[in-house]
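A.B. asks: following is a predicted model, sequence given first.
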Amino acid sequence: QVQLVESGGGLVQAGGSLRLSCAASGLTFSSYAMGWFRQAPGKEREFVTAISWSGATTYNADSVKGRFTISRDNAKNTVYLQMNSLKPEDTAVYYCAARRRRATTTADEYDYWGQGTQVTISS
């Protein structure tokens, strides 16, 4: 079955960096667009960033532009999220998701989800 496993979360101070990874199995990874979403306590899940199956196109939420970078390695079936200049408001559980068609910013349009990894930014 399809599995998406996130890793790399943790506790860092504001201004610091983290790199999240999402390892995929059970699907033809290179045929899937990948996205990262996040959910803070008491808030709805929100789009963070997404990347096309080829890696040629990326989409970013305004709140993370210039700070977060999504990338993928189709040979390793892995998508990454490099997060720099982290802020306390970035604190959330971060989820990766896979979509068989083109990347979108809408969570409901993704086919598969990981379990999430906690990211906590202290001020």
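C.D. replies: Right, received. Where do you want to start? Source: prediction; values computed, not measured. Numbers count the residues shown, from 1 in each chain.
A.B. asks: centroid-nearest residue for the chain?
C.D. replies: Trp36 (2.4 Å; Cα atoms, centre = their mean).
A.B. asks: that one: what's it in contact with?
C.D. replies: Listed by Cβ atoms under 8 Å, 6 or more residues apart in numbering, the contact set of Trp36 reads 20, 22, 48-50, 70, 79, 81, 94-97. (C-beta placed from N, C-alpha, C; glycine too.)
A.B. asks: nearest to Tyr59, of those residues?
C.D. replies: Proximity of the contacts of Trp36 to Tyr59 (Cβ to Cβ) peaks at Ala50, which lies at 4.6 Å.
A.B. asks: dig out what the closest one forms beta bridges with.
C.D. replies: Ala50 has these beta-bridge partners by DSSP bridges: Gly35, Tyr59.
A.B. asks: also Val5?
C.D. replies: Ala23.
A.B. asks: which stretches of the protein have low pLDDT?
C.D. replies: Under the criterion pLDDT under 70, no range of the chain is flagged.
A.B. asks: can you map out the strands along it?
C.D. replies: 3-7, 10-13, 18-25, 33-39, 46-51, 58-60, 68-73, 78-83, 92-99, 112-113, 117-122 (DSSP state E).
A.B. asks: which one, of these, ends up nearest to Thr106?
C.D. replies: Checking the strands of the chain against Thr106 by Cβ to Cβ gives strand 46-51 as the closest, at 7.4 Å.
A.B. asks: now tell me what touches that closest one from outside.
C.D. replies: So strand 46-51 is contacted by 33-39, 57-61, 64, 68-72, 79, 81, 94, 103-107 (Cβ under 8 Å, 6+ apart).
A.B. asks: pull out the buried members of the residues you listed.
C.D. replies: Buried members of these, scored by 16 or more other Cβ atoms under 10 Å, are 33-38, 59-61, 64, 68-70, 72, 79, 81, 94, 103-104, 107.
A.B. asks: any idea how far Ser54 is from the residue nearest to the centre of the chain?
C.D. replies: Between Trp36 and Ser54 the computed distance is 17 Å (Cβ to Cβ, to the nearest Å).
A.B. asks: can you get me a residue count around Ser123?
C.D. replies: 9 (other Cβ atoms under 10 Å).
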